[in-house]
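In: need coordinates for the following:
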Amino acid sequence: MDDTEMLSLISSQTALETEELRSCNALTLRYGLSLSDAQIRNLVQRRFSALRDTGRVEFGSGILKKLAVEFCDSPYISQENYEDTLLELQDSFYYFKNESQDQIPDDELISFMKRCFDGVCQGSLDYLSGTTLEDLCRNTRYGYKTDGDGRLF
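Out: Numbering: from 1, shown residues only. Prediction:
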């Protein structure tokens, strides 16, 4: 694949992701959350950085739309921290996909993240990524059985 084809692919992925996030505003507005065009561009650009930083490749749309839809009703997210929260969640998602050796499907990881974020983490992104997701990935790698919140049986 030459540079022209690569740029074309990145451009089309950027356009797709941008449009998907823009369409999320219709749903997230019900919860008092929306993203401006500048925020959407920033999130999409950070997606490519997160993929590069974690050595991942992704074709088609990313997980930003899924994260926005899943987390929009969280009592711990406000308009003031919405963009930053999505950025952190996206970075954590890709990092922990690698840490779990891709053994956890995307939707299950996002659902687990949401349950913990709204539950035991009480909206703390540091707690989510520093303990809860670390435990989940360690348990996944070593084959331990856990309950729905990542605690060992």
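In: where's Cys72 relative to Lys114, distance?
Out: 10 Å (Cβ to Cβ, to the nearest Å). Where you see a C-beta, it was placed from the backbone N, CA and C, and this is true even at glycine.
In: looking at the two, which one has more neighbours?
Out: Neighbour totals were compared for Cys72 and Lys114, and Cys72 leads with 20 against 17 (other Cβ atoms under 10 Å).
In: apart from its chain neighbours, what residue comes closest to the more buried one?
Out: Leaving aside its sequence neighbours, Cys72 sits nearest to Thr28 (Cβ to Cβ, 6 or more residues apart in numbering; 4.3 Å).
In: next one: Ile77
Out: Taking Cβ to Cβ, 6+ apart as the measure, Ile77 lies nearest to Thr85, with 5.4 Å between them; neighbours along the chain are not counted.
In: surely that neighbour is within a strand?
Out: No. Per DSSP: H, G, I helix; E, B strand; the rest coil, Thr85 lies outside any strand segment and is helix.
In: residues contacting it?
Out: Phe71, Ile77, Leu125 (Cβ atoms under 8 Å, 6 or more residues apart in numbering).
In: and the most centrally placed residue in the chain, backbone torsions?
Out: Centroid-nearest residue in the chain, with Cα atoms, centre = their mean: Gln90, separated by 3.1 Å. Dihedral angles of Gln90 (phi, psi; degrees, to the nearest 10) stand at phi -60, psi -50.
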